[in-house]
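Enquirer: quick one: sequence plus predicted model below, questions after.
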Number of protein chains: 2
Amino acid sequence: MANDKLESSATPDDTPPSTVRVGLLGCGHVGAALVGLIDQRNDAIERASGVRFEIAGIAVRNPSRQRDLAVNPDLFTTDAAEVVGDPSVDVVVEVIGGIEPARSLIVDALKAGKPVVTANKELLANVGSELYALAAANEVDLLFEAAAAGAIPIVRPLRESLLGEDVRRVIGIVNGTTNYILSRMAEDGADYHDALAEAQQRGFAERDPTADVEGYDAGAKAAIMASLAFGVNVVAGDVYHEGISAITQEDIVFARHFGYTIKLLAIAERFDGPVEGVADGQGGDREAGATGEIGVTVYPAMVPNTHPLASVRGSFNAVFVECAAAGDLMFYGRGAGGAPTASAVLGDLIDASANLRKRTFRPVPSGHRSRIRSVDLLKSAYYINLETVDAPGVLAEVANAFGRNQVSIRSMEQHGMADQARIAFITHTAYERDVQQTLRDLRALDVVKDIGSVLRVIGS
Amino acid sequence: MANDKLESSATPDDTPPSTVRVGLLGCGHVGAALVGLIDQRNDAIERASGVRFEIAGIAVRNPSRQRDLAVNPDLFTTDAAEVVGDPSVDVVVEVIGGIEPARSLIVDALKAGKPVVTANKELLANVGSELYALAAANEVDLLFEAAAAGAIPIVRPLRESLLGEDVRRVIGIVNGTTNYILSRMAEDGADYHDALAEAQQRGFAERDPTADVEGYDAGAKAAIMASLAFGVNVVAGDVYHEGISAITQEDIVFARHFGYTIKLLAIAERFDGPVEGVADGQGGDREAGATGEIGVTVYPAMVPNTHPLASVRGSFNAVFVECAAAGDLMFYGRGAGGAPTASAVLGDLIDASANLRKRTFRPVPSGHRSRIRSVDLLKSAYYINLETVDAPGVLAEVANAFGRNQVSIRSMEQHGMADQARIAFITHTAYERDVQQTLRDLRALDVVKDIGSVLRVIGS
């Protein structure tokens, strides 16, 4: 197995290189890329870490499918439980996706004391906390760098580098499909449907794009990152979603005019203070709007062009982390794709194997179930686009609807169009509930013909 | 020590929290910020990791200096060796900077089996390899996240996440002073000297700015990152430097016109192939220009505005990592400053303490001394700015000087100025030695009055 290149390379701790046998569950884009990567990189990995990998078994739905992989075809099986239970398997990699059977297989592996590496965001965003606790109870690693933002190393920094940090807010562009669509709309003037069709044609979007364009994929990643950043347990169902399918070319143009770029953002934030008017003393933590709540939201927002997230283009992803001491950090890279995701899995596999050799592991801090702050009580600046009749006194009526709901206007721009007018407002920071009441009041005005897009605006 | 908030928090592995005693060497901006951060974050760190920190001693030059720190003044001493040797000290943090006495103190700590956390780039860029080997021999951690790019988590991703990756090139904006100066020049039209004076006034530049503006600080960081990215031993003396003091407002304007931004870049790259014309077979690795050489350079370059590094503004830093499988990654944040640097030190301190408790450590892969590719044999596109007489036939003479040296021109722009002309060229990729010969040939031409800036141009 060793070749001549390796003869002179000492492993870091001078113990002989050990072979780690990998049980692979799933062999789609990521699994196939991982098999290829292990084959290509085994010598280099052995030089750097003293470990080399051997694929012990690959569980797939259809073992007879033609696959162009450098492995013995006998390794393929439909029996995933057999791969997990194989006493010669040291580490299990799960790239099946979805909740079952992935969950049961991972549970079995952890109970058998086998480290698990997974790229399964849906699973971790729903039952992650149960799996982290099971891994800790069995003193074994459960690693999932690929589940949060693909190839971008964000899980390890949040779990390790920033463990002592006071993380205030995490803002991610964590869905490549929607970022591709929004980039095409901004750069080429494409409308939403054409940009989506192009994304589908180029393989960046599924035939049914709902999970991407409505923010569910980004929401699952937000739940995982919120849990890590704040040491609590946040699940996919806690996340408030708005998608991008209603974004128009007009919104894009207005955004550019005001100095912004529209991005689908996944935001996790911890609130150090209560909502105004909420008592927050003894027992205050039982009241909605209290200190310590977490907000987890996915929505399209206007990002100032001077913000580093504004220049994340095409199918790239990025995670922006606001910290008290470290300041602002950003992690940028490929959030999806076979090879990038496999690279993140491989990094975890090396880590899990090194820990296994040292008979150690790194637990995920087990957090209590987080209290989630209702979206009504979240604050943001807003962009609101109205169609009104073009007559004297209209602006006063409209401005009055904002004012009586404590929503103050930062900037306004009006375009006449025949007997109608289009007015775009950007507000100062306001509570969502007050903005919703403003919108109800605006709808009730005779002078307001239509309310177009309502988008949140992120500060610089 | 535990307070009521903590009563219900189980530590991850249900062992009682342990107190780790920290010996602090140096108490300037970073040391003072670390003392404050430990005081603020101790409860949160204990909840997340089961460890809390206690400062056991602080070695400083002048212990009677007034410091506004929440520690017992008796902890200050001038005797750094005493702090290292104190049997009650579990972990040593070195934030003195410079080579001696930092090196000797770290050697003593490692030999005593004490993990060391350091932010000292100068030390690691010169004798890092010796210290990494000593740490490994003593089976103890030597962690240095803060030494490469301040608060930006880049060391841990390179050492862990990307250990299995084929890293092709690392491009960093790793000096905040020069990035601040270049940003002011680009955004406000300031000239170099005014921008430097402003940086000095705002505390972003030293009174003697040489180490920053001539690229020595960036070079030390490049050596550390090259060593980690490629698993070899690269030292500060291997790095080729050019500074930014000759950059003019005219260069900035030309760059903008061509769609570029000028940045001081630290670049580490590994060459998979030989230089053209160099035999690279058996024994080829003894010849200059052979496969496997490393290029480590610091120079101002034109970066396309579409590249993520172009939007790194002000005193922020970023490290762009080009990988074979993961694709392009970028890590962005504060590269300097007391609190950001202390945050990175604290992350390492938590890690070292967790490892200490588990009686484990993570060795830095020990690399052989790298072969460095001479700058003459490096390839780049170039921007070259000439002043010529304004007469027919000038361009043909100039173009001929490029052509006979195999330097081909990608774009050209000429501005007339009275009887002279200013011509800016951007070339295709060419060897540095050929560009230098072109410049010599151009200087010998009567029609060439002056050669202005010569800057490398990075691809998108």
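Expert: On my side now, so go ahead.
Enquirer: going by C-alpha atoms from here, please, whenever you check contacts or count neighbours.
Expert: Will do.
Enquirer: how about the secondary structure of the residue with the largest distance to the centre of chain A?
Expert: Centroid-distance maximum for chain A: residue A:392 at 46.9 Å, with C-alpha atoms, centre = their mean. Counting by DSSP: H, G, I helix; E, B strand; the rest coil, the backbone at residue A:392 sits in coil.
Enquirer: gap between it and residue A:420?
Expert: 12 Å (C-alpha to C-alpha, to the nearest Å).
Enquirer: ditto for residue A:375
Expert: Separation of residue A:375 from residue A:420 (C-alpha to C-alpha): 33 Å.
Enquirer: what's the answer for residue A:361, then?
Expert: In terms of C-alpha to C-alpha, residue A:361 sits 65 Å off from residue A:420.
Enquirer: got it, and residue A:21?
Expert: Separation of residue A:21 from residue A:420 (C-alpha to C-alpha): 70 Å.
Enquirer: same drill for those two, tell me which one is more crowded.
Expert: Remark: of residue A:21 and residue A:420, residue A:21 carries more neighbours, 19 against 16, as counted by other C-alpha atoms under 10 Å in any protein chain shown.
Enquirer: what strands flank the helix or strand encompassing the more buried one, and is each parallel or antiparallel?
Expert: Using DSSP states H and E, residue A:21 maps to strand A:18-25. If you go by DSSP bridges, strand A:18-25 pairs up with strand A:51-59 (parallel), strand A:91-94 (parallel).
Enquirer: report the distance from the helix or strand bottoming out on mean pLDDT in chain A to the chain centre.
Expert: The weakest-scoring helix or strand in chain A, judged by mean pLDDT, DSSP states H and E, is strand A:409-417 (a mean of 85). Centroid displacement of strand A:409-417 relative to its chain, using C-alpha atoms, centre = their mean, to the nearest Å, is 34 Å.
Enquirer: again with stretch A:264-279
Expert: 19 Å.
Enquirer: and the contacts of the host helix or strand of residue A:455?
Expert: For residue A:455, the host element (DSSP H and E) is strand A:448-457. Residues from elsewhere that reach strand A:448-457 (C-alpha atoms under 8 Å, 6 or more residues apart in numbering or on different chains): A:246-247, A:251, A:299-303, A:380-389, A:426, A:439, A:442-443.
Enquirer: for residue A:231, give its distance to residue A:119.
Expert: Applying C-alpha to C-alpha, the value for residue A:231 to residue A:119 is 20 Å.
Enquirer: more neighbours: the two, which one.
Expert: residue A:119 (25 against 22).
Enquirer: next one: the more buried one from chain B, what distance?
Expert: 14 Å (C-alpha to the nearest C-alpha, to the nearest Å).
Enquirer: now that residue: closest residue in space that isn't a chain neighbour?
Expert: Counting by C-alpha to C-alpha, 6 or more residues apart in numbering or on different chains, residue A:119 lies nearest to residue A:147, which is 4.3 Å off, once chain neighbours are set aside.
Enquirer: how about residue A:266?
Expert: residue A:298 (4.3 Å).
Enquirer: cool, and residue A:231?
Expert: residue A:367 is the one closest to residue A:231 (C-alpha to C-alpha, 6+ apart), at 5.1 Å.
Enquirer: elements contacting the least confident helix or strand of chain A?
Expert: For strand A:409-417, the packing partners by 3 or more C-alpha pairs under 8 Å, 6 or more residues apart in numbering or on different chains; DSSP states H and E come out as strand A:420-427.
Enquirer: and the pLDDT at the closest residue to chain B within the stretch 351-460 of chain A?
Expert: Closest to chain B within the stretch 351-460 of chain A is residue A:365: 5.8 Å, counting by C-alpha to the nearest C-alpha. The score at residue A:365 is 76. That number is its pLDDT.
Enquirer: residue ranges of each domain in chain A, please.
Expert: A:4-158+A:340-357, A:160-334, A:378-457 (automatic domain parsing).
Enquirer: counting neighbours, what do you get for the residue in the stretch 51-200 of chain A positioned nearest to chain B?
Expert: Among the residues of the stretch 51-200 of chain A, residue A:161 lies closest to chain B, at 4.6 Å counting by C-alpha to the nearest C-alpha. By other C-alpha under 10 Å, the residues close to residue A:161 number 28.
Enquirer: that one touches residue B:348, doesn't it?
Expert: Yes: the pair residue A:161 and residue B:348 qualifies as a contact (C-alpha atoms under 8 Å) at a distance of 6.8 Å.
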